[in-house]
Every structure is written in structure tokens, then in C-alpha cells.
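S.K.: Sequence first, predicted coordinates after that:
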Amino acid sequence: MNNDIERTLYSVEDIKEAAHRLGQQLTEDYQDKRPILISVLKGAILWTVDVMREMDIMAEVDFIDVSSYHGGVASAGEIQLVHDLSADVAGRNVIIMEDIIDTGRTLQFLIDLLKQRQAKDIKVCTLLDKPEGRVVAAKADYVGFKLPKEFVVGYGLDYKEFYRNLPYVGVLKPSVYEGDRPE
Ligand code: 5GP
Ligand code: MG
Ligand code: MG
């Protein structure tokens, strides 16, 4: 698995620092607000647990699964709800936990859904943000790292469902993609 990585973009240490920084920020911003973290499966699992254990406040966590990429490296544009929340978000302070924001379509879909369900306040905490990829205006409030338009894997992020368990974020060797080109 590690042999397939061309270079590391964010090391275990880099990510740990980002989780600590944002966890502290959220602790300050959400005192007494009892937020509910909405972790977007599957990519945001590692990020969610690492940030939440840095949050020294009362907070809930729930999970939602949406699909947009259908396994490859290019966004399909269509978002589908694959697994819904178990919590009722009406009147709640919600923090969407994302792995990466590219076109912004997934995030916009989630924001629209949560607004429709009467969430009181919706903020977004993402490990990675690719601002150049945006096709809709959705914005993150808490960002680990901004990166250029590049396809990355690791720390929750997959290529064809693999590499999620790499503890760091990196770029795959072009040979791994075969005919399937990254964006
Ligand atoms: P968006 O809807 O913003 O275009 O894309 C959001 C989703 O696409 C992310 O949650 C993630 O699952 C996937 N995605 C976007 N960029 C990347 C990337 O560089 N690497 C991987 N593995 N997935 C990505
Ligand atoms: Mg995601
Ligand atoms: Mg994916």
C-alpha cells in the first residue's frame, strides 16, 4: 500500500496538529451549545474521531453517507443519500465533518438537507479544502489544509475504496491509475 504513494502531502504529525488546532477552536466556539457533529461517511471517519477527542465540551456525533464519486477519480455530479442520520437535527447546532471539499456539491446537498430539517445553525469542519475545484458556492468554516486541485488518498480518503487506512495524506503514483486519469 505505501509503495503506491508517490509523495506525502500531510504527515501524521501535520494532521495531528490540525485536529488539535480545530478541536480547540471548536471547544471555544461551542461552549454550552451542545453541537452535533455530522460525520460524512466514509471519508471523514478518522478526521471526526481525531477532532472530537480534542473537543472538551458536550457534543454528540452522528453519521450520514452520501455518494458522488462512484469509486473513480472524477466527480459524477449527482449526489445520493446512501445512509441517513439517526438524530433529529431540528433546532440543533450542527457541525458537518468532511474529509475534503472539491466542487462543493456534496456539501451543498448536505447543507440544503439540514436546512430543510430545520437545523438551527450549520457550520463545516473539513480536513482538506480544494478552493479551485468549486462549482457551487459552499464554504467551510474550519479548514485543516487548503490544497491545489490534486487527487489525494489516505486518512479516510479512498481510491476505489482502498488507502483509507493510510495514517497520512498523499498522492498516488500515476501507474496506480492505469487508464483512469486523476482530475
Ligand atoms: P465534492 O462534492 O466537493 O466535489 O466532493 C466531495 C467528495 O468527493 C469528498 O467527500 C470525497 O469523497 C471526494 N473527493 C473529492 N476530492 C477528492 C480527492 O482528492 N481524493 C479523494 N480520495 N476523494 C475526493
Ligand atoms: Mg466526504
Ligand atoms: Mg471516494
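M.R.: It's in. Numbering: from 1, shown residues only. Ligands and ions are numbered 1, 2, ... in the order given.

S.K.: Now for residue 84: which residues touch it?
M.R.: residue 64 (C-beta atoms under 8 Å, 6 or more residues apart in numbering). (C-beta placed from N, C-alpha, C; glycine too.)

S.K.: repeat that for 10 Å
M.R.: By C-beta atoms under 10 Å, 6 or more residues apart in numbering, the contact list for residue 84 reads 62, 63, 64, 65, 66, 113.

S.K.: among those, which are in helices?
M.R.: residue 113 (DSSP state H).

S.K.: what comes up buried for the helix ranked longest in the chain?
M.R.: When the chain is parsed with DSSP H, its longest helix is helix 12-29. Using 16 or more other C-beta atoms under 10 Å as the test for burial, helix 12-29 gives 15, 18, 19, 22, 23, 25, 26.

S.K.: Show me which of the contacts of residue 84 are buried.
M.R.: 62, 63, 64, 66, 113.

S.K.: where are the low-confidence patches of this structure?
M.R.: 69-77, 179-183 (pLDDT under 70).

S.K.: Which positions in it make contact with ligand 1?
M.R.: Proximity of the chain to ligand 1, by C-beta under 6 Å from any ligand atom, involves residues 43, 68-69, 75, 98-107, 151-153, 157-159.

S.K.: do that again at 8 Å, thanks
M.R.: Within the chain, the positions adjacent to ligand 1 are 40, 43-44, 68-69, 73, 75, 79, 98-109, 128, 130, 133-135, 138, 150-153, 157-159, 163, 182-183 by C-beta under 8 Å from any ligand atom.

S.K.: In this protein, mark out all the strands, start to finish.
M.R.: Assigned by DSSP state E, the strands in the chain fall at 5-10, 36-41, 60-67, 80-83, 93-101, 121-129, 142-146, 169-172.

S.K.: one step back: any chance of the contacts of residue 84 in JSON lines, plus distance to residue 94?
M.R.: Output for the contacts of residue 84, formatted as JSON lines (distance: C-beta to C-beta, whole Å):
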{"residue": "62", "distance to residue 94": "9"}
{"residue": "63", "distance to residue 94": "13"}
{"residue": "64", "distance to residue 94": "11"}
{"residue": "65", "distance to residue 94": "16"}
{"residue": "66", "distance to residue 94": "15"}
{"residue": "113", "distance to residue 94": "11"}
